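[1] Got a sequence here, can you model it:
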Amino acid sequence: MKKQLITGLLSLAVATNIFADTKTNQDEYFVSVFDSRVYKDLFSTPEVKRIFSDKNMVQQWLNVEIALAKAQADLGIIPKSAAKAIEDAAKIENMDFDAIRKKTNKVGRGIKPLLGQIKKAGNTEVKQYLHFGSTTQDIMDSATVLQVKQASSEIKKELVNLTLVVATLASKHKGTVMLARSNGQDAIPTTFGLHLTTYLMELYRNVQRLDEATSRLQAQIGSTVGTLAPFYDKGLALQKKFSANLGLKSPLAPWNPSRDNFAEIVQTLGLINATLGRLSLDINNLSRTQIDELKEGEGGASSTMPQKRNPRASEFMGAFYRMAKMYNAASLDIMSHTDARQGSPWILEWSIIPESFMVTAASINRAQRMFAKLIVKEENMIKNFSVSKNYALSEALMNALTKELGRSKAYKLVKTAIKKAHKNDGLAEVINKTPEIKKHLSKKQIEEVLIPSNYIGSAPTIVDRAVAKVRSELK
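    From the prediction side, this is the model:
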């Protein structure tokens, strides 16, 4: 009975949290991978997290309110003394984030609580003229544009760095011969540098896309539904001054329900991640035990298998690509506004825009580290031709015969010879057992056909041309 009583009391204590650490930090209960104490460093970079932090978001809200007040003062809409008072009160150190959060829980937007904090820190003029003629969406949208521009600049910087790293590696390996594979099968010889060039050009185009998408971002200032009615005949002039104060383009028309520019940004990030996802699949496949042509220098150890060195960068880049696909699909939903605006798709932006940037930053960072330590096993690249019995040189053999036989006859001759070959025969044995082939090619010609480096065409020159273009544009 006594034992049962003790057991019952212990169960009750656990259930009522008697033994809970009352000093436990609230941060320990974060559930998102972006804020998790365990995982957060894997899913973003400090720079991009700072841009989308609460502190920077609120700072941009404050910056927008200040820019609005200054523009209004310059046009005589509000007194200059009021603009100065608003600027003095709208300081990040004057903001009580807990108070903003609690009131945001009630109204669903952070701007009304923010205004309350600014007014609390300001004088009578602040209370009278703050946020004059504006609306919550003006402030939040313009602030989001500022954050997106900051984040795009950071992503571009790191993407350019990655692109130039790949350019250097492609140039180094422009003549490094390897098997090209298509549809999972051996194809013909190529060079590792040429294969890297396919990544290089995608990355380069993604830099261009990011510039183009960012160039279309505009300030949002139009009052309640974009009419500028509170500002009478000064509305258009206010737009220009306000936008200039923020370093943004002035809108030609209101874009309250038009979210295509934000959708384009998210989709551009999706394309970057798709490139990195393709790259990660290739790296993973080429590092397979049976292929062993590449190896990540920063691989992750297995907890139980001593021989394993897992390709962690490829693994995470592949995961980020899949996450980016989710955001990409959601980006179309943020465009589903009705009338002058609709709350539901707008709320979606608050999640997918920051998260898209965070996973993109994390993926680029992984790719940079991976390429910096990538182990290229050139000897295995050559060895794999003989492992597959040199059949990847069949096209070279066919083309060597074409001069005398024509393409159609040469193709049929080689294909028939391979089809009749013994299962243990390689291409050299096939040639040796087919008199018709030997009749048209000399011993020296046959030897040259069986050397992979003799059938890489213009690959090194193509690499040089691509690398030169990318370096001239990005450096």
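
[2] any low-confidence regions in the stretch 101-250 of the chain?
    Within the stretch 101-250 of the chain, not a single segment meets pLDDT under 70.

[3] Please enumerate the helices of it.
    For the stretch 101-250 of the chain, the helices defined by DSSP state H, counting those that start in this stretch occupy 111-121, 124-129, 136-172, 192-215, 235-246.

[4] quick check: angle from the third one to helix 235-246?
    Same thing as helix 136-172. 40 degrees (axes from the mean of the first three to the mean of the last three C-alpha atoms, to 10 degrees).

[5] Can you spell out which helices and strands pack onto helix 136-172?
    Helices and strands touching helix 136-172, by 3 or more C-beta pairs under 8 Å, 6 or more residues apart in numbering; DSSP states H and E, are helix 46-51, helix 54-74, helix 111-121, helix 192-215, helix 260-286, helix 343-372, helix 459-474. Every C-beta, even on glycine, is put in place using the N, C-alpha and C of the backbone.

[6] could you dump those to CSV with distance to residue 325?
    Shown next, in CSV, are those (distance: least, C-beta to C-beta, whole Å):
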stretch, distance to residue 325
helix 46-51, 19
helix 54-74, 26
helix 111-121, 32
helix 192-215, 16
helix 260-286, 7
helix 343-372, 11
helix 459-474, 27
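
[7] Mind putting those into CSV with distance to residue 417 and mean neighbour count?
    Compiled in CSV, the helices and strands packed on helix 136-172 are given as follows (distance: least, C-beta to C-beta, whole Å; neighbours: other C-beta atoms under 10 Å):
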stretch, distance to residue 417, mean neighbour count
helix 46-51, 58, 18
helix 54-74, 68, 21
helix 111-121, 77, 19
helix 192-215, 29, 20
helix 260-286, 30, 22
helix 343-372, 42, 21
helix 459-474, 27, 17
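
[8] Of all these, which one is nearest residue 132?
    helix 54-74 (6.3 Å; C-beta to C-beta).

[9] CA-only coordinates of the closest one in CSV, if you can.
    Coordinates of each C-alpha in helix 54-74 appear next as CSV, following Å, rounded to 0.1, in the frame of the first residue of the first chain:
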residue,chain,number,x,y,z
ASP,A,54,11.8,40.3,-35.3
LYS,A,55,14.2,43.1,-34.5
ASN,A,56,15.0,43.8,-38.1
MET,A,57,11.4,43.5,-39.1
VAL,A,58,10.2,46.0,-36.5
GLN,A,59,13.2,48.2,-37.5
GLN,A,60,12.0,48.3,-41.1
TRP,A,61,8.4,49.1,-39.9
LEU,A,62,9.9,52.0,-38.0
ASN,A,63,12.0,53.1,-41.0
VAL,A,64,8.9,53.1,-43.2
GLU,A,65,6.9,55.3,-40.7
ILE,A,66,9.8,57.7,-40.5
ALA,A,67,10.2,57.9,-44.3
LEU,A,68,6.4,58.6,-44.5
ALA,A,69,6.5,61.4,-42.0
LYS,A,70,9.5,63.0,-43.6
ALA,A,71,7.9,62.9,-47.0
GLN,A,72,4.7,64.4,-45.6
ALA,A,73,6.6,67.1,-43.9
ASP,A,74,8.5,68.0,-47.0
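
[10] can you list contacts of stretch 399-415?
    Residues outside stretch 399-415 that contact it (C-beta atoms under 8 Å, 6 or more residues apart in numbering): 394, 397, 398, 434, 436, 437, 440, 441, 445, 449.

[11] In strands, which of those appear?
    Per DSSP state E, strands hold no members of the contacts of stretch 399-415.

[12] Now, these that are in helices?
    Taking DSSP state H, the ones among these that sit in helices are 394, 397, 398, 436, 437, 440, 445, 449.

[13] Just the buried ones from the residues you listed, in PyMOL syntax?
    Those of the ones in helices among the contacts of stretch 399-415 that count as buried under 16 or more other C-beta atoms under 10 Å are selected in PyMOL with:
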select buried, resi 394+397+398+437+440+449
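
[14] Kindly indicate which of the ones in helices among the contacts of stretch 399-415 lies nearest residue 146.
    Nearest to residue 146 among those: residue 394, at 58.4 Å, using C-beta to C-beta.

[15] ok, how many other residues are close to the nearest residue to residue 81 once chain neighbours are set aside?
    Nearest non-adjacent residue to residue 81, counting by C-beta to C-beta, 6 or more residues apart in numbering: residue 125, 6.1 Å away. Residue 125 sits with 18 neighbouring residues when counted by other C-beta atoms under 10 Å.

[16] Hmm, residue 88 and residue 125 touching each other?
    No. Applying C-beta atoms under 8 Å as the test, residue 125 and residue 88 come out as separate, 10.3 Å apart.

[17] domain assignment for the chain?
    Per automatic domain parsing, the structural domains of the chain span 46-134+223-247, 142-218+255-383, 391-449.

[18] re earlier: report the contact partners of the residue nearest to residue 81.
    For residue 125, the contact set (C-beta under 8 Å, 6+ apart) comprises 79, 81, 82, 85, 86.

[19] Excluding residues flanking it in the chain, which one is nearest the residue nearest the centre of the chain?
    For the chain, the residue nearest the mean C-alpha position is residue 360 (2.7 Å; C-alpha atoms, centre = their mean). Nearest non-adjacent residue to residue 360, counting by C-beta to C-beta, 6+ apart: residue 269, 4.6 Å away.

[20] wait, the one you found sits on residue 326?
    No. Between residue 269 and residue 326 no contact is recorded; they are 11.9 Å apart, counting by C-beta under 8 Å.

[21] Turn the ones in helices among the contacts of stretch 399-415 into JSON lines, including distance to residue 145.
    Converted to JSON lines, these look like this (distance: C-beta to C-beta, whole Å):
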{"residue": "394", "distance to residue 145": "56"}
{"residue": "397", "distance to residue 145": "60"}
{"residue": "398", "distance to residue 145": "58"}
{"residue": "436", "distance to residue 145": "70"}
{"residue": "437", "distance to residue 145": "67"}
{"residue": "440", "distance to residue 145": "68"}
{"residue": "445", "distance to residue 145": "65"}
{"residue": "449", "distance to residue 145": "60"}
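
[22] What is the nearest of the ones in helices among the contacts of stretch 399-415 to residue 418?
    Using C-beta to C-beta, residue 394 comes nearest to residue 418 of these, at 6.6 Å.

[23] Three-state assignment for the nearest residue to residue 72 once chain neighbours are set aside, please.
    Once flanking residues are discounted, residue 72 sits nearest to residue 78: 4.6 Å by C-beta to C-beta, 6+ apart. Three-state call for residue 78 (DSSP: H, G, I helix; E, B strand; the rest coil): coil.
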